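*Asks:* Give me the fold of what follows.
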Amino acid sequence: MFIAANFVSALATVLSYLLEIYTWVIIVRALISWVNPDPYNPIVQFLYKITEPVLHPLRKMMRTYSTGIDLSPLVAILIIMFLKQFLVSSLYELASRLR
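*Replies:* Numbering: from 1, shown residues only. This is a model prediction of the structure:
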């Protein structure tokens, strides 16, 4: 059973790292949006392609364009923090019980 436990533990670790990286990508995109970036820059295009599938549905739910302040990055980061606390911790707990 230790193989399954190690697999779940490794999965939790990788998921934690991916969520952390995605948090930083969202932060970088939010900071870049303040300076009116060049839309043809490959880095800016990459950041928009990676974050838009998450931020666009949040924007639609929050109706942010009427207030002029886009809070969708903040909400996305809060959701990622919840996932890290709940999902990753649950996977680590499952791995410890499988041993």
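*Asks:* only C-alpha atoms for contact and neighbour calcs from this point on.
*Replies:* Fine.
*Asks:* what are the ranges of the helices in the protein?
*Replies:* 2-33, 42-62, 72-83, 89-98 (DSSP state H).
*Asks:* Tabulate these (TSV), appending mean pLDDT.
*Replies:* Listed next are those as TSV, based on pLDDT from 0 to 100:
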stretch	mean pLDDT
helix 2-33	95
helix 42-62	93
helix 72-83	95
helix 89-98	94
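*Asks:* Let me have those helices in JSON lines, adding mean neighbour count as columns.
*Replies:* Output for the helices of the chain, formatted as JSON lines (neighbours: other Cα atoms under 10 Å):
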{"stretch": "helix 2-33", "mean neighbour count": "16"}
{"stretch": "helix 42-62", "mean neighbour count": "14"}
{"stretch": "helix 72-83", "mean neighbour count": "16"}
{"stretch": "helix 89-98", "mean neighbour count": "16"}
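*Asks:* where does the nearest residue to Gln45 once chain neighbours are set aside land on pLDDT?
*Replies:* Nearest in space to Gln45, with sequence neighbours left out and distances taken as Cα to Cα, 6 or more residues apart in numbering, is Pro39 at 6.5 Å. Pro39 carries a pLDDT score of 89 in this model.
*Asks:* What does Pro39 show for phi and psi?
*Replies:* phi -70, psi -10 (degrees, to the nearest 10).
*Asks:* Ile69 now?
*Replies:* Dihedral angles for Ile69 - degrees, to the nearest 10 - are phi -110, psi 130.
*Asks:* Distance check, Phe46 against Leu55.
*Replies:* Phe46 sits at a distance of 14 Å from Leu55 (criterion: Cα to Cα, to the nearest Å).
*Asks:* Identify the residues contacting the closest residue to Leu55 other than its chain neighbours.
*Replies:* Distances taken as Cα to Cα, 6+ apart place Ser72 nearest to Leu55, at 5.8 Å, with adjacent residues excluded. Counting by Cα atoms under 8 Å, 6 or more residues apart in numbering, Ser72 makes contact with 55, 58-59, 62, 64.
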